[in-house]
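Colleague: predicted model and sequence below, questions to follow.
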Protein chains: 2
Amino acid sequence: MAEYILPIQRLIDEFRKLPGVGGKTAVRYAFSVLNMSEEEALRFSETIVGAKRDVKKCSVCFGLSENDICDICSSERRDHSTVCVVESPKDVIVMEKVRGFRGVYHVLGGALAPLDNITPADLTIKELVERVRTGEIKELIIATNPTPSGDTTASYLARILEEYDIEISRLAYGIPVGGDIEYADEVTLYRAMEGRRTLK
Amino acid sequence: MAEYILPIQRLIDEFRKLPGVGGKTAVRYAFSVLNMSEEEALRFSETIVGAKRDVKKCSVCFGLSENDICDICSSERRDHSTVCVVESPKDVIVMEKVRGFRGVYHVLGGALAPLDNITPADLTIKELVERVRTGEIKELIIATNPTPSGDTTASYLARILEEYDIEISRLAYGIPVGGDIEYADEVTLYRAMEGRRTLK
C-alpha cells in the first residue's frame, strides 16, 4: 500500500498498531483525522501523550491512578481487609461494575507463563506477599483469568501464602448466567459440576 | 462510563470519535496506548498533528498532496487531456489501483445535496469549469458515486459543460464482477440492463 503520500501512510501505519485494526480500518481512521479541524487533531494528539504522562501505577495495588495512591486504596469507605487479586488494571474496572464488592485490589500485571518467560519476579507477587505480611488483610479473592496461566498463578499464590492466617478463595467457574448448557464447552461444564452447590 | 480516571476517559472519548468505533473498541484502543512505550505514544501523537500539518490540497486537482501540486498533476507521464472527476481524495487512490488509467483527476470535495445545503459553490466545480475552459482537456470521465447525490452531480456537470467541445462520460453501472445476479438489487439490475452491450 505505497499509494498514499508519506504523512498519510505514516498515520495509517500508526493506526494499524492498535489491536484488531487492519488495513482498511486504518485507512478510514487516517482519513477521519484528515477531516478533523486543526484543533480537534491537536486535542486528539495531546490526549494520547497526556494519558501516557498522567496515568501512573498506584503504589499500593498497582492499578491505574492519577495519583501516587489510587482512589480505591485511599478510600476509607472500602474494606481494606479483603483484597481481590486480578491480572490487569482493566480487570479492576470490570470488577468494580460488580455491585457489592467493597474490598480493595491487587494488580499482578499479568499471569505466570513459564513458556513466555513470565516468572513470579515479573509480577507484583513479592509486593502482594508484603501486603499480606504487614497489613490487615483477612481474605484474598483470586480473580485471575480461567486460563492455564491464570490457573497456574492462582495455585502458585495459594501455595506461597499458605503460611499466613488468611482466607484464600477463587472466583467460581461455571455456566455463564443466561448461557445455555447445550453450548457450554466440556471444560466449563466439568468445572461447573465440580463447583456445584447444594440447594437444600 | 465514569469509572475510568480522567486521562483514560478522555482518551476513550477521543477514540470514540473515529468512524465505527464504539465504547468497547475505544477502551481497547485506549489501553493499548497505555501499554505503548513513552516513545511510541509520542510518535503516534506526532503523526496525527504531522498529517494535519503536511497534507495539503493540490492546487490543480484538489487531491491530497505534500506539495503545492500533487505528483499526478505534475507528472509528465500522465495524459493531461483526460480528467477523471471524483468526489473525494480517497477516490483518487481507489482509481489509481485501476491499472491502465493514465489520465489525471479532479476532486470535487463532495457531491451536490441540496437538502444538506451542499450547492455547486461548496464543491470545486468552478475550478473544474476553469480547467476545461483554459486547458487541454479532451475528455471528462465522471466517477461520482452511484448515489442520488452522485447522480445529481454528474447530470449537473454534464449540463454546465455542454457548451465545451469535450467528451463527457460516466462510469458504467452494473453487476459487480464476481457478483451473483440472484443477490443484485433491482436498481443495479435495471442499470445493468440499461447499460447492456452488444456482444456481436
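Modeller: Sure thing, it's come through.

Colleague: which SSE is residue A:152 in?
Modeller: Assessed by DSSP states H and E, residue A:152 sits inside helix A:148-160.

Colleague: and that helix, what's its mean pLDDT?
Modeller: Across helix A:148-160, the average pLDDT comes to 91.

Colleague: list the contacts of that helix.
Modeller: Here helix A:148-160 makes contact (CB atoms under 8 Å, 6 or more residues apart in numbering or on different chains) with A:85, A:87, A:108, A:111-113, A:118, A:120, A:123, A:125, A:128-129, A:140, A:142, A:144, A:168, A:170. (C-beta placed from N, C-alpha, C; glycine too.)

Colleague: in stretch A:146-154, what counts as buried?
Modeller: Going by neighbour count (16 or more other CB atoms under 10 Å in any protein chain shown), the buried part of stretch A:146-154 is A:149, A:150, A:151, A:153, A:154.

Colleague: now stretch A:35-45
Modeller: Buried residues in stretch A:35-45, counted by 16+ other CB under 10 Å: A:36, A:41, A:42, A:43, A:44, A:45.

Colleague: turn those into TSV, including distance to residue B:175, pLDDT and secondary structure.
Modeller: Formatted as TSV, these follow (distance: CB to CB, whole Å; pLDDT from 0 to 100; DSSP: H, G, I helix; E, B strand; the rest coil):
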residue	distance to residue B:175	pLDDT	secondary structure
A:36	37	91	coil
A:41	40	93	helix
A:42	46	93	helix
A:43	45	94	helix
A:44	41	94	helix
A:45	44	94	helix
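
Colleague: from those, which two are the most distant?
Modeller: Spanning the widest gap among the buried residues of stretch A:35-45 are A:36 and A:45, at 10.1 Å by CB to CB.

Colleague: which residue lies nearest the spatial centre of chain A?
Modeller: For chain A, residue A:88 is the residue whose C-alpha lies nearest the centre (CA atoms, centre = their mean; 2.3 Å).

Colleague: tell me which residues touch the closest residue to that residue other than its chain neighbours, please.
Modeller: Of all residues not flanking residue A:88 in the chain, residue A:107 sits nearest, at 6.6 Å (CB to CB, 6 or more residues apart in numbering or on different chains). By CB under 8 Å, 6+ apart, the contact set of residue A:107 is A:57, A:61, A:62, A:63, A:86, A:87, A:88, A:89, A:91, A:92, A:124.

Colleague: got it, and residue A:3?
Modeller: Neighbour list for residue A:3: B:93, B:96, B:97 [criterion: CB under 8 Å, 6+ apart].

Colleague: so for the last one, what's the pLDDT?
Modeller: Looking back up the chat, that one is residue B:97. Taking residue B:97 on its own, its pLDDT is 79.

Colleague: do you know how far it is from chain A?
Modeller: When distance is defined by CB to the nearest CB, to the nearest Å, residue B:97 is 7 Å away from chain A.

Colleague: same question for the first one.
Modeller: Here the criterion is CB to the nearest CB. By it, residue B:93 lies 5 Å from chain A.

Colleague: the lowest-mean-pLDDT helix or strand in chain A: which residues count as buried?
Modeller: Every helix and strand in chain A was compared by mean pLDDT, DSSP states H and E; the lowest is helix A:186-194, with a mean of 78. Neighbour counts over helix A:186-194 (16+ other CB under 10 Å) mark A:188, A:191, A:192 as buried.

Colleague: pretty sure the second one is touching residue A:171, no?
Modeller: Which is residue A:191. No - counting by CB atoms under 8 Å, residue A:191 does not reach residue A:171; the two are 10.9 Å apart.

Colleague: roughly how far out does the helix or strand following the helix holding residue A:152 sit from the chain middle?
Modeller: Going down the chain from helix A:148-160, the next helix or strand is strand A:167-170, by DSSP H and E. Offset of strand A:167-170 from its chain centre (CA atoms, centre = their mean, to the nearest Å): 19 Å.

Colleague: tell me which strands strand A:167-170 pairs with, and in which orientation.
Modeller: Strand A:167-170 has the following sheet partners, assigned by DSSP bridges: strand A:139-142 (parallel).

Colleague: just the helices in chain A please.
Modeller: Along chain A, the stretches classed as helices by DSSP state H are A:6-16, A:23-34, A:38-54, A:89-96, A:125-134, A:148-160, A:186-194.

Colleague: neighbouring contacts of the last one?
Modeller: Residues external to helix A:186-194 that are found in contact with it (CB under 8 Å, 6+ apart): A:146, A:173, A:174, A:175, A:181, A:184.

Colleague: kindly report the same for the second one.
Modeller: Identification of contacts with helix A:23-34 by CB under 8 Å, 6+ apart yields A:1, A:4, A:8, A:11-13, A:15-16, A:21, A:41, A:44, B:17-20, B:48, B:51-52, B:55, B:64, B:89-90.

Colleague: now list the buried members of the residues you listed.
Modeller: Among the contacts of helix A:23-34, those classed as buried by 16+ other CB under 10 Å are A:4, A:8, A:11-13, A:15-16, A:21, A:41, A:44, B:18, B:48, B:51-52, B:55, B:64, B:89-90.

Colleague: any weak-confidence spans in chain A?
Modeller: Along chain A, the parts satisfying pLDDT under 70 run over A:1-2, A:198-200.
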